[in-house]
Each structure stands twice: as structure tokens, then as C-alpha cells.
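In: Let's see this in three dimensions:
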Amino acid sequence: MAHQNPSAHARSSSAVPSAIPRSGVIHVNARHASHYTVVGNHLLQHRELSATAIGVAAYIQSLPEGAPIGIKTLTARFPEGEIRIGSALRELERHGYLERRRERLATGRVVTRTYSYNKPGSTWVEPTPPPAPQPPLAPLPPPPLPAGESAPGPEVEPTPGCGPGPEAVAPPPGRPVHPDAVELLVGLRRYDSRLLLSERDVRRLAPDVSTWLERGVTPAVVARVLSADLPERMLRPASVLAYRLAELLPPHLPPAPAAPADRVGRDDRRPDPLQNCSGCDRAFRAPHPGRCRDCPPEEDAAA
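Out: Numbers count the residues shown, from 1 in each chain. Okay, the predicted model is just below:
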């Protein structure tokens, strides 16, 4: 009978390779090709920041330029209350991830801007402007026609104007579009020249604008929400508009309460006329002459 060695290592029954740890976290990573944000480990593994502050900082770094990040906006986005969100923002300011400045615009208006730093101590670098477009090359002369063929007739020139109007932008298929949505988006450049949108952006944003209009918001109010307090530097205006349309969408307007029966057909903005009480001669407001509430009805007084 063979003797057993009690000090020998038991054979592992696990099929886990030796390179993978037997405890702790095991990362299963997929390569991102789009829609991702690079966040430094100095933030994610910060020793003094709370978990709420780290999460808020990572969320802010993923937002487009000009997105609102006030306490009210963040509280509507996350389950944490205003106290925890405000405390997280103050933590990020103390450690250099956020900075709030009061700056004066060229128009003289003083605004508060919030700067988000993906690495504390870094400075804002103005984006390099795109290169100037090169003049188009002269078209080549048409090839000579074979014998017996005639040149095609001239094309009819379109009527000169200011470019394609709202009716020239076809709405996206599959989603209903409000009749005023396209015209509203095309006209935003009247409020700010930087809101000159391409036809592709108009088709993409028109269904979201239709949702606002269907919820009872007037076109003038929608245009004011989209064009007010825009950031001074916008790399992608359409992205800013898409974020505002999604994050600031108001709820459905509840139905108006029914008017009381004695006020149907009357102007509710005007108070009831003054009447003299037939019992005590005191003035009171009522739709019809009679007695005030402190005097008994005329029938009881007669009895």
C-alpha cells in the first residue's frame, strides 16, 4: 500500500489560468470606438474625494460644451438630493476639478462660467481653427461629341433667393414632425448667428422640437430656451441644442380645472362688484345683490 504525502499540494480543479487573480476584481474590457470619455485615475482613485464627487466629476467631463451643470440640473438627473450634489461640487472646487468665474461679455453683461478640468492645474487651450477652404478648381472642358450627336439643352436655373427654406428640409421618416418644428430650427440663426444648422442637423432635431410643441410649449418659448445663455465658444452647436432638448424637456401640461358653475361665461380676472347688504347695509362683494355672510338669509329674517 502506497504511503500518502500529507504535505503535497492538492491538484487544483479550477480551470482559471494562472495569470488571472483568484480573488478581487477581474476586468472584462471591451474596446470603445465611439461615445466614450477618457478619465484619469487621479480622479477615479482620489483618496480625499467622496464617491458622489467622483461620479459627478466623471459625468460632467462626459457632457458637451455649454451643457448646464447647476445643482437643480444635476439633482434632476441623479437620485441624490441638492445637499449631497452641492457638497460634491464644493469638493471638486477645493481639489481643482471645477472653477467658477464671473466674467464680463463683450456686450457688458456679467455671467458666471463653470470650467471643468480633467486634470487639476491644466489650462484651457483655444481650439485650432480649421484651415481656410481652397478655391475650387476650374471645371474641365466637356469632351468632344461624336459625329451625329447634338449637345443637350441648357438647364433651367432656379429662382435666386436666400437658399432652401423650411419646406426644402424633408422631415426624417418614421417619426411625426410638428409643422412648426423645422421652421423654428431654421430660424434660430436670427437669435444667434452661430446657430446656423445644416439640413442634416435640422432633420435630426426636428422630432425633439416636435415633442416640446406637442406638450403645449409655444415656438417662441422653445426658441428662447434653445438660444438663451449660450456658451461663448461652441464647437458643435447642434450637440448643445440636442442636449437642451433632451434634458430640459418639460412635463405634459395638466388639464385646466373646470370653472365653477356661477362663473361660467364671466371674466375671472375681474372681482365681483360691491353690493350693499340689505340686512346690515355693509358693503361686500358678490355677483348679485342680497345679504352678506354675517346676516341671515332674507327668508329666515322674515320668519
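In: Could you use CA atoms for every contact and neighbour count after this?
Out: OK.
In: quick one: residue 284 is in a helix?
Out: No: read with DSSP: H, G, I helix; E, B strand; the rest coil, residue 284 is strand and lies in no helix.
In: Next one: it relative to residue 273, how far apart?
Out: 8 Å (Cα to Cα, to the nearest Å).
In: So which of those two has more stuff around it?
Out: residue 284 (16 against 12; other Cα atoms under 10 Å).
In: Check which helix or strand the residue most central in space within the chain maps to.
Out: Centroid-nearest residue in the chain, with Cα atoms, centre = their mean: residue 244, separated by 1.9 Å. Following DSSP states H and E, one finds residue 244 within helix 237-247.
In: remind me, longest helix of the protein?
Out: When the chain is parsed with DSSP state H, its longest helix is helix 199-214.
In: elements contacting that helix?
Out: Judged by 3 or more Cα pairs under 8 Å, 6 or more residues apart in numbering; DSSP states H and E, helix 199-214 is in contact with helix 179-186, helix 219-227, helix 237-247.
In: Now do that helix against helix 219-227, angle only.
Out: 130 degrees (axes from the mean of the first three to the mean of the last three Cα atoms, to 10 degrees).
In: Next, the angle helix 179-186 makes with helix 199-214.
Out: Between the axis of helix 199-214 and that of helix 179-186 there is an angle of 130 degrees, by the same axes, to 10 degrees.
In: Now do helix 199-214, average pLDDT.
Out: Averaging pLDDT along helix 199-214 gives 92.
In: tell me which element residue 31 is part of?
Out: Residue 31 belongs to no helix or strand, assigned by DSSP H and E.
In: shaky segments in the stretch 51-200 of the chain?
Out: 122-132, 134-175 (pLDDT under 70).
In: Just put the helices and strands packed on helix 199-214 in CSV and tack on distance to residue 20.
Out: Formatted as CSV, the helices and strands packed on helix 199-214 follow (distance: least, Cα to Cα, whole Å):
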stretch, distance to residue 20
helix 179-186, 54
helix 219-227, 51
helix 237-247, 41
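In: Single out the most deeply packed of these.
Out: Mean neighbours per residue, mean count of other Cα atoms under 10 Å, is largest over these for helix 179-186, with a mean of 20.
In: how is this structure carved up into domains?
Out: Following automatic domain parsing, one finds the domains of the chain at 41-116, 166-247.
In: Quick one: closest of those domains to residue 293.
Out: For the domains of the chain, proximity to residue 293 was assessed by Cα to Cα; domain 166-247 is nearest, at 41.0 Å.
In: Check the gap between the residue nearest to residue 245 when sequence neighbours are not counted and residue 121 for me.
Out: Excluding its sequence neighbours, the residue lying closest to residue 245 (Cα to Cα, 6 or more residues apart in numbering) is residue 208, at 6.4 Å. Per Cα to Cα, residue 208 is found 38 Å from residue 121.
In: ok so, going back, list the contacts of the residue nearest to residue 245.
Out: Residues near residue 208 by Cα atoms under 8 Å, 6 or more residues apart in numbering: 242, 245, 246.
In: on that earlier part again, C-terminal to the helix holding residue 244, which secondary structure element comes first?
Out: Counting by DSSP H and E, what follows helix 237-247 is strand 274-276.
In: what's the distance between the residue nearest to residue 245 and residue 246?
Out: Residue 208 is 8 Å from residue 246, by Cα to Cα.
In: and if you look at residue 272?
Out: 45 Å.
In: What of residue 230?
Out: For residue 230, the distance to residue 246 - Cα to Cα - is 16 Å.
In: Then residue 280?
Out: Distance from residue 280 to residue 246, by Cα to Cα: 61 Å.
In: One more: residue 60?
Out: To residue 246, residue 60 is 16 Å away according to Cα to Cα.
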